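Asks: what follows is a predicted protein model with its sequence.
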Amino acid sequence: MRHIRSSEPGTMLDRVVPFTLGVMVFLECLILLASLIWL
């Protein structure tokens, strides 16, 4: 495994951005499912 240095902010952004996008898509899917169930 490659040692990740804290002096590289690019690696953190490359990990945080896809994670936040995945969470947003997951939340949108949950909202759509909830609306379909309640309606």
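Replies: Received it, and whenever you're ready, just let me know what you need. Numbers count the residues shown, from 1 in each chain.
Asks: just the helices in the chain please.
Replies: Here the chain has its helices, by DSSP state H, at 9-38.
Asks: okay, now the unreliable bits of the protein?
Replies: 1-9 (pLDDT under 70).
Asks: where's residue 20 relative to residue 27, distance?
Replies: 11 Å (CB to CB, to the nearest Å). (Each C-beta comes from the backbone N, C-alpha and C, glycine too.)
Asks: repeat that for residue 14.
Replies: Taken as CB to CB, the span from residue 14 to residue 27 is 22 Å.
Asks: report how many residues lie close to residue 11.
Replies: By other CB atoms under 10 Å, the residues close to residue 11 number 13.
Asks: check residue 23 too.
Replies: Residue 23, neighbours per other CB under 10 Å, totals 10.
Asks: for it, give its distance to residue 35.
Replies: Residue 23 sits 19 Å away from residue 35, going by CB to CB.
Asks: got it, and residue 22?
Replies: For residue 22, the distance to residue 35 - CB to CB - is 21 Å.
Asks: can I get stretch 18-28 as CSV, trimmed to CA atoms?
Replies: Taking C-alpha atoms only, stretch 18-28 is exported to CSV below (Å, rounded to 0.1, in the frame of the first residue of the first chain):
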residue,chain,number,x,y,z
PRO,A,18,-16.8,10.8,-4.8
PHE,A,19,-17.9,9.9,-1.2
THR,A,20,-20.1,13.0,-0.9
LEU,A,21,-21.5,12.5,-4.4
GLY,A,22,-22.4,8.9,-3.5
VAL,A,23,-24.1,10.0,-0.3
MET,A,24,-26.1,12.6,-2.2
VAL,A,25,-27.3,10.1,-4.8
PHE,A,26,-28.1,7.6,-2.0
LEU,A,27,-30.2,10.2,-0.1
GLU,A,28,-32.0,11.1,-3.3
